[in-house]
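*Asks:* no sequence on this one, just coordinates:
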């Protein structure tokens, strides 16, 4: 497991019109998931300790975001033969086990992760309803132990988005396991 940080992506960068697949193999167009106020795209997986630590918060925050008019989608870029614990069958199991009630999609070609320049799991991108990137940062200030979080970052960014305010600054990079790229 290599620790990697997300990289800077310019605000306003447009949500790409790309397709992923759900755990049943059906295509899902990324823009079709946009909520009335925005869309959170979370690159994540099943086995990375950073992603595992953040999953409960992501699931809980997704419900809060939904009430604000912001949809959530999780994208697994680690569909790689060397990592069966991140495979589609394992995703299906995690959806049931963790009670994930938003789309958890497979990036089987890794083209979506490459288009986003995603670096790690988790890597979070919050888009405004017009498809422009509003926030690219971490969920809060302590990934490892939620009890030690002193500052929420994703939720205040979402509140600012919905209120029509400028995006919060600075936007701190997320850290996590490197994406398991296929060559």
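*Replies:* Yes, it's here. All values reported here derive from a predicted model rather than from experimental measurement. Residues are numbered from 1 along each chain as shown.
*Asks:* ok, the residue most central in space within the chain - contacts?
*Replies:* The structure's the chain has its C-alpha centroid closest to residue 42; by CA atoms, centre = their mean the separation is 0.4 Å. Listed by CB atoms under 8 Å, 6 or more residues apart in numbering, the contact partners of residue 42 are 58, 72-75, 122-125. C-betas here are computed from N, CA, C, even on glycine.
*Asks:* quick one: buried residues of the helix ranked longest in the chain?
*Replies:* Longest helix in the chain, counting residues (DSSP state H): helix 49-67. For helix 49-67, the buried set under the neighbour-count rule, 16 or more other CB atoms under 10 Å, comprises 50-55, 57-59, 61-62, 65.
*Asks:* and residue 42, which of the three is it?
*Replies:* Following DSSP: H, G, I helix; E, B strand; the rest coil, the label given to residue 42 is strand.
*Asks:* Tell me which helix or strand the closest residue in space to residue 50 that isn't next to it in sequence sits in.
*Replies:* The shortest distance from residue 50 to any residue other than its chain neighbours is 3.6 Å, reached at residue 176 (CB to CB, 6 or more residues apart in numbering). Using DSSP states H and E, residue 176 sits in strand 175-178.
*Asks:* Which strands and helices lie in contact with that strand?
*Replies:* Judged by 3 or more CB pairs under 8 Å, 6 or more residues apart in numbering; DSSP states H and E, the packing partners of strand 175-178 are strand 3-5, helix 49-67, strand 120-121.
*Asks:* Give me the contact list for it.
*Replies:* Applying CB under 8 Å, 6+ apart, the external contacts of strand 175-178 come out as 1-6, 45, 48-51, 119-123, 138, 143.
*Asks:* wait, isn't residue 5 in contact with residue 173?
*Replies:* Yes: the pair residue 5 and residue 173 passes the contact test of CB atoms under 8 Å, sitting 4.3 Å apart.
*Asks:* re earlier: just the buried positions in the strand holding residue 176, please.
*Replies:* 175-177.
*Asks:* could you redo these as TSV and give each row distance to residue 36?
*Replies:* What follows is the buried residues of strand 175-178, written out as TSV (distance: CB to CB, whole Å):
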residue	distance to residue 36
175	31
176	29
177	33
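*Asks:* Which of these sits closest to residue 14?
*Replies:* For the buried residues of strand 175-178, the closest approach to residue 14 (CB to CB) belongs to residue 176, at 24.3 Å.
*Asks:* wait, what's in contact with the spatially closest residue to residue 40 that is not a sequence neighbour?
*Replies:* Sequence neighbours aside, residue 72 is the residue nearest to residue 40 in space, at 4.6 Å (criterion: CB to CB, 6+ apart). Residue 72 makes contact with 39-40, 42, 58, 61-62, 65-66, 102-103, according to CB under 8 Å, 6+ apart.
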